[in-house]
Structure formats: structure tokens, C-alpha cells
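> Sequence and predicted structure, then a few things I'm wondering about:
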Amino acid sequence: MENRIKAFIDTNILLDYFQQEREGHVTATELFNLVYHNQVEAAISTQSVLDAAYVCRKHPSYIASLFRESACYMMDHVNSGYIDPFDVKTALMDTNPDIEDSAQISFAYSQCCDVIVTSDKKLLSREVPNPMQVMTPEKFVNNCRA
């Protein structure tokens with residue numbers, strides 16, 4: 001079996017995927033197509049899914065049944081897990097003020113991810129444990145297609 005790259009997908013990419021109006025929707029859809037066609041292994045925290053559901057629910061074009069169907073399909077194709085107390089404590093001990101990003105980084109590392117895919121400018125500039133990388137969805141999709 002071929003080794004696939006394992007990517008942690010950040011919450012903002014989930015929002016891009018679920019909300020067609022968002023600027024990053026096309027690229028997020030391309031990224032998930034790579035996942036659905038087994039070209040990329042994806043890890044997502046359950047907290048990200050719940051956060052995306054909360055934000056999407058507030059959007060005027062939100063249709064609960066469509067969101068649920070799409071999210072269930074996505075969950076069938078990704079590795080999901082929860083941010084555990086170790087990840088939270090690691091984030092709290094980190095000197096970076098963005099505790100949520102620190103917890104996501106700890107989770108991605110514990111999931112043995114090769115890359116964190118995000119459009120969060122602050123997270124893109126963060127240092128992460130080697131050999132993990134952080135990249136935009138555009139760069140990630142382009143690297144996978146190359």
C-alpha cells in the first residue's frame with residue numbers, strides 16, 4: 001500500500017467546504033475530493049466539526065439536512081478524534097496567545113499528521129514540530145496534484 005500524506009484539516013477549511021459563498025470553497029472541495037478518492041488521508045478534530053456546525057447554522061443559506069448529509073459523508077472518509085486533556089494542557093503551557101491553535105497543533109502532531117492545512121494567517125506563520133508543515137489549501141492541493 002502506498003504511503004499517503006496525512007493532513008490535519010483546520011476548521012476554516014471545513015467552513016470553506018460547507019459554505020459555497022466562501023472564497024475558499026472551490027479549493028476546499030478539491031482538497032476533500034483528494035480525500036474521497038483516497039489520495040490524501042485526512043484528520044479532523046471533532047471540535048472543528050462542531051465549531052463548523054455552529055458557524056454554518058447561523059448563515060442565512062443554511063439547510064440543516066444538507067449540512068448533516070455532507071458532514072456525515074465527510075466523517076465517513078476522515079480520521080476524527082477529540083482534542084484530549086493532554087492537547088489542552090500542552091496548549092495552555094504554550095507561550096503563544098492562541099490557545100485554540102496550539103491545541104489543534106498538538107492534536108495534529110498526536111495524529112501523526114504530515115501537514116496542517118489552514119488559511120489562518122497566524123497559524124500559517126506558526127512553528128510546528130518537525131517534520132510537520134503548515135500550508136494553505138491552495139499550496140497543499142497543488143503539491144498533491146504535482
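Happy to help now that I have it.

> What are the boundaries of the helices in the chain?
11-18, 25-36, 46-57, 64-75, 85-93, 99-110, 121-124, 137-145 (DSSP state H).

> Compare the ones you listed and report which one is nearest to residue 131.
Judged by CB to CB, the one of the helices of the chain that comes nearest to residue 131 is helix 99-110, at 10.5 Å. (Glycine included, C-beta is placed from N, CA and C.)

> one step back: just say which of the helices of the chain is most tucked in.
helix 11-18 (a mean of 23; mean count of other CB atoms under 10 Å).

> wait, isn't residue 133 in contact with residue 114?
Yes: if you go by CB atoms under 8 Å, residue 133 and residue 114 touch, sitting 7.0 Å apart.

> just to revisit the earlier point, TSV for the helices of the chain, including mean pLDDT?
Putting the helices of the chain into TSV (pLDDT from 0 to 100) gives the following:
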stretch	mean pLDDT
helix 11-18	97
helix 25-36	97
helix 46-57	95
helix 64-75	95
helix 85-93	94
helix 99-110	93
helix 121-124	93
helix 137-145	95
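
> Same list, those, but as JSON lines with distance to residue 3 please.
Supplementary listing: those in JSON lines, determined by distance: least, CB to CB, whole Å:
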{"stretch": "helix 11-18", "distance to residue 3": "22"}
{"stretch": "helix 25-36", "distance to residue 3": "15"}
{"stretch": "helix 46-57", "distance to residue 3": "24"}
{"stretch": "helix 64-75", "distance to residue 3": "22"}
{"stretch": "helix 85-93", "distance to residue 3": "25"}
{"stretch": "helix 99-110", "distance to residue 3": "17"}
{"stretch": "helix 121-124", "distance to residue 3": "25"}
{"stretch": "helix 137-145", "distance to residue 3": "13"}
